[in-house]
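> Provided below for reference: sequence and predicted model.
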Amino acid sequence: MGKIIAIANQKGGVGKTTTSVNLAASLGVLEKKVLLIDADPQANASSGLGVDVETLEFGTYQVLEHTISATEAIITTNSPNVDIIPAHIDLVAIEIELVDKEEREYMLKKSLEEIKDLYDYIIIDCAPSLGLITLNALVAANSVIIPIQCEYFALEGLGKLLNTIKSVQKIHNENLDIEGLLLTMFDSRLRLSNQVVDEVRKHFSTMVFNTIIRRNTRLGEAPSYGESIIAYDATSKGAINYLNLAQELLKKNV
């Protein structure tokens, strides 16, 4: 059975999409079969893997609505062993459309039942909010990776997210675990970056991944070419960091 991992943090710009795309690509290179689900109306994970979101016929919107099956929405990417259920800007309307539906928090979970055994890992790139789409992701997931940028206000809002996760565990998904906190955008030259790492490790100790994602120009360039960092520059620090993260994740899940 595939493990479903949501990449979530309601703060924007912390590296959720970068992590979703590059962790998926890294797991694919390590010969795991991966499905990436773009659950963010900005659709950056989709375009970041070369999907033309303007011409999309089906995607996460229709899967959440249950107008098509998850199988029908899957697209094969150029990244080895990685498929995607892409998103489109129309996904922004789903919060309003689902609000009156029964068991609205379970729409994604139900859709994934038929395909979760086809993959080793299903990665969900969540929107920067704690709305209904993110709630669907947390209800469907086995665990959550929380990216935290090594910058000022890094821990701001983290308490709110952890409370949301506790609520989901209590009401909807008692098996939801925190896979780990992932430190991103680390710059070893900055004292602040090092202070954030120390602070997060002091507060959360074993919950924090050993791997740290360093600030890297190539990581920022890769999405504009519709490629993961592995395809764009496999020798870059960013590629090495994400491959290390994928290996650490696999060791945790042996």
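That came through, no problem. In this text the structure is predicted, and so the values were computed from the model without any measurement.
> Every contact and neighbour count from this point should use C-alpha atoms.
Will do.
> Helix or strand: which one has the residue nearest to residue 172 when sequence neighbours are not counted?
Nearest residue to residue 172, sequence neighbours excluded (C-alpha to C-alpha, 6 or more residues apart in numbering): residue 139, at 6.1 Å. According to DSSP states H and E, residue 139 maps onto helix 132-140.
> Show me what the helix or strand just after that helix is packed up against.
Downstream of helix 132-140, the first helix or strand assigned by DSSP H and E is strand 143-149. Where contact means 3 or more C-alpha pairs under 8 Å, 6 or more residues apart in numbering; DSSP states H and E, strand 143-149 is packed against strand 3-7, helix 16-29, strand 177-186.
> which one of those is the most hemmed in?
Per residue and on average, the most neighbours among these fall to helix 16-29, with a mean of 26 (mean count of other C-alpha atoms under 10 Å).
> export that helix as PDB, just CAs?
Output of helix 16-29 as PDB, limited to C-alpha atoms (Å, rounded to 0.1, in the frame of the first residue of the first chain):
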ATOM      1  CA  LYS A  16       6.100  23.500  -0.100                       C
ATOM      2  CA  THR A  17       5.900  23.200  -3.900                       C
ATOM      3  CA  THR A  18       9.700  23.000  -4.300                       C
ATOM      4  CA  THR A  19       9.700  20.200  -1.800                       C
ATOM      5  CA  SER A  20       6.700  18.400  -3.300                       C
ATOM      6  CA  VAL A  21       8.200  18.400  -6.800                       C
ATOM      7  CA  ASN A  22      11.800  17.600  -5.900                       C
ATOM      8  CA  LEU A  23      11.000  15.000  -3.300                       C
ATOM      9  CA  ALA A  24       8.700  13.300  -5.800                       C
ATOM     10  CA  ALA A  25      11.400  13.400  -8.500                       C
ATOM     11  CA  SER A  26      14.100  12.200  -6.000                       C
ATOM     12  CA  LEU A  27      11.900   9.200  -4.900                       C
ATOM     13  CA  GLY A  28      11.300   8.400  -8.600                       C
ATOM     14  CA  VAL A  29      15.100   8.400  -9.300                       C
END
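> and it, average pLDDT?
Confidence over helix 16-29 (mean pLDDT, whole number) is 97.
> rewinding a little: can you redo the helices and strands packed on strand 143-149 as a markdown table with distance to residue 229?
Shown next, in a markdown table, are the helices and strands packed on strand 143-149 (distance: least, C-alpha to C-alpha, whole Å):
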| stretch | distance to residue 229 |
| --- | --- |
| strand 3-7 | 18 |
| helix 16-29 | 6 |
| strand 177-186 | 15 |
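> So for residue 134, which of the ones you listed sits nearest?
Nearest to residue 134, of all those, is strand 3-7, at 8.6 Å by C-alpha to C-alpha.
> What is the closest one packed up against?
helix 16-29, strand 121-126, helix 132-140, strand 143-149.
> Residue 220 is nearest to which of the ones you listed?
Among those, helix 16-29 sits nearest to residue 220 (C-alpha to C-alpha), with 8.5 Å.
> Name the next helix or strand following that closest one along the chain.
Moving toward the C-terminus from helix 16-29, the first helix or strand encountered (DSSP H and E) is strand 34-39.
> Strand partners (parallel or antiparallel) of that next one?
Under the criterion DSSP bridges, strand 34-39 sits next to strand 82-85 (parallel), strand 121-126 (parallel) in its sheet.
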